[in-house]
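Asker: structure of the sequence below:
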Amino acid sequence: MRAVVWNMLGQPSTNSQRPRAWSISLICPSSCRLFNGFESNTAAPPCRAIGYHKGHRPADRGGKKNVCELFAVNAARPMRANAYLEEFFSHSHKHKDGWGITWRKSCTNTSAPAQTLPIPEDLGDDSDVFLYREPIAAWRSAAMGEFCAHEIDSCRLEAHIRLSTCGNTVHENCHPFYATDISGREWTLIHNGILFNEGLLATYDRREAGQTDSERALLFLIDVVNEAAMRSGGDLGFDTRFQALSEAIAQISNLNRLNLIIDDGEYTYVHTNTNVDTLHFRQLSADAIVFSTTPLGDEAEAPQWRPVPKNRLIAYKEGRLVRTSTPHGYVFCEAILDLRRKFGDDWAKVLN
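Answerer: Model prediction:
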């Protein structure tokens, strides 16, 4: 099949019109249906893709398909999370660059005496968020062993194991990330992906504590929510938050791999935009749902896991689907990562 190089305007490029170094292009069969992150109307086999971005070049970590792994709980009542957490954290033999866990104190019970739990981050006396992060592999962590040695029942929980694509292996670069909006609402975010196109996030490296695109994304989203609140006279109701988030996430999905789970203390928001299944959910009951990068549990549970619908923001409350946004067209072609792993730091040279 004939290959066509598409530039940032969605037009074919000749050798004299190669995309500039700040762009990302997809090299696809002429019938490929994914062009420059947008869906065309022509059905076709998966694209081969090449991406590159001036600055912030992602580092390869041994060819793992999922650069990080995510896990989350959303339920009406606290549910036992230990079995899932133990299996999830066992993946840290490969995802070894840090780990973290967060839950809402108001809806989480643990059998561990408070004085025996690892000391969480100090988010203030009034914070409802318990947050613990560590820049080592979870399987090596005494703190992780302490968590899993006691019952953890939660209705709002997120966990993350890191395989870094940017930033050093330090505490500040570990997920979950935490921020508050102008109303004092507490937000946490976990991310699996790579942001090649960071135009909207360019200035946030001055404000972030670490060096990750994930933290920059959270800071951007908080600014978007704050701006929406000011435009609506201070209203930060669910409709305002959801609309602002869905529009902003659609924008930063362009040319980026964006698997996100966000919690605002009331709702859990989920998004994925890869052309293969990289985020899954299992509806445990009418009012309890769990999310994971890869399905967890034994073989009997496998058929009960489903891929999260792609290219849209989805909100859950008390284990139930509340709202879904209109799908956007920004599909991330996983072959970008495959070529990055193959060519390493020379990945842009394949266009020359």
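Asker: tell me how the protein divides into domains.
Answerer: Listed by automatic domain parsing, the domain ranges of the chain are 3-59+332-351, 68-324.
Asker: what's the least confident stretch among those domains?
Answerer: Mean pLDDT per stretch puts domain 3-59+332-351 lowest among those, at a mean of 42.
Asker: in TSV, list the domains of the chain along with mean neighbour count.
Answerer: Every residue, glycine included, has its C-beta placed from N, CA and C. Below are these laid out as TSV (neighbours: other C-beta atoms under 10 Å):
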stretch	mean neighbour count
domain 3-59+332-351	16
domain 68-324	19
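Asker: chain neighbours aside, what residue packs nearest to residue 281?
Answerer: residue 291 (5.0 Å; C-beta to C-beta, 6 or more residues apart in numbering).
Asker: and the helices in the stretch 51-200 of the chain?
Answerer: Taking DSSP state H, counting those that start in this stretch, the helices of the stretch 51-200 of the chain run over residues 82-90, 142-148.
Asker: who's in contact with the first one?
Answerer: With C-beta atoms under 8 Å, 6 or more residues apart in numbering as the test, helix 82-90 has contacts from 69, 71, 99, 101, 138-139, 144, 147-148, 151-152, 159, 161, 290, 292, 296-297.
Asker: give me the subset of those residues lying in strands.
Answerer: Within the contacts of helix 82-90, residues falling in strands by DSSP state E are 69, 71, 99, 101, 152, 159, 161, 290, 292.
Asker: out of the helices of the stretch 51-200 of the chain, nearest to residue 218?
Answerer: helix 82-90 (21.4 Å; C-beta to C-beta).
Asker: dump the closest one to PDB, keeping only the CA atoms.
Answerer: The C-alpha trace of helix 82-90 is given here as PDB (Å, rounded to 0.1, in the frame of the first residue of the first chain):
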ATOM      1  CA  ASN A  82      -7.200  -5.300  49.300                       C
ATOM      2  CA  ALA A  83      -7.300  -8.100  46.800                       C
ATOM      3  CA  TYR A  84      -7.300  -5.800  43.800                       C
ATOM      4  CA  LEU A  85      -4.600  -3.600  45.300                       C
ATOM      5  CA  GLU A  86      -2.300  -6.500  46.100                       C
ATOM      6  CA  GLU A  87      -2.500  -7.700  42.500                       C
ATOM      7  CA  PHE A  88      -2.200  -4.200  41.100                       C
ATOM      8  CA  PHE A  89       0.900  -3.400  43.100                       C
ATOM      9  CA  SER A  90       2.500  -6.800  42.100                       C
END
